[in-house]
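>>> one predicted model, sequence on top.
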Amino acid sequence: MFKNPTHFMVYLFYHPEEAPLPIVLEKEKGTRANTIIKLAKKFDVSVAENVRLTQILHNAV
């Protein structure tokens, strides 16, 4: 999962044997993005902060 510090998140699935390229499973903004980020952290899902990548993926996919 990638996020920016304010209100965007993009959740990717990548497993080389099942999908050779990453697949966007979820993208959100605002309150819903913050809720999903909190849940991800609660369940030990990796969350990386990358503002530019998050914005590009969120807008392009």
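Everything's here; your move. Numbering: from 1, shown residues only.

>>> in stretch 50-61, which residues are buried?
Under the neighbour-count criterion of 16 or more other C-beta atoms under 10 Å, stretch 50-61 has 54, 57-58 buried. C-betas here are computed from N, CA, C, even on glycine.

>>> go through the chain and flag its longest strand.
Ranked by number of residues, the top strand in the chain under DSSP state E is strand 19-29.

>>> parallel or antiparallel, list what pairs with that one.
strand 8-15 (antiparallel) (DSSP bridges).

>>> and the strand it pairs with, what's buried?
Residues of strand 8-15 classed as buried: 8-12 (neighbour count, 16+ other C-beta under 10 Å).

>>> mean confidence for it?
Here strand 8-15 scores 92 as its mean pLDDT.

>>> next, the buried residues of the longest strand of the chain.
By 16+ other C-beta under 10 Å, the buried positions in strand 19-29 come out as 27-28.

>>> show the average pLDDT along that strand.
pLDDT averaged over strand 19-29 gives 91.

>>> still on that earlier bit, which of the buried residues of strand 8-15 lies closest to N34?
If you rank those by distance to N34 using C-beta to C-beta, M9 comes first, at 8.1 Å.
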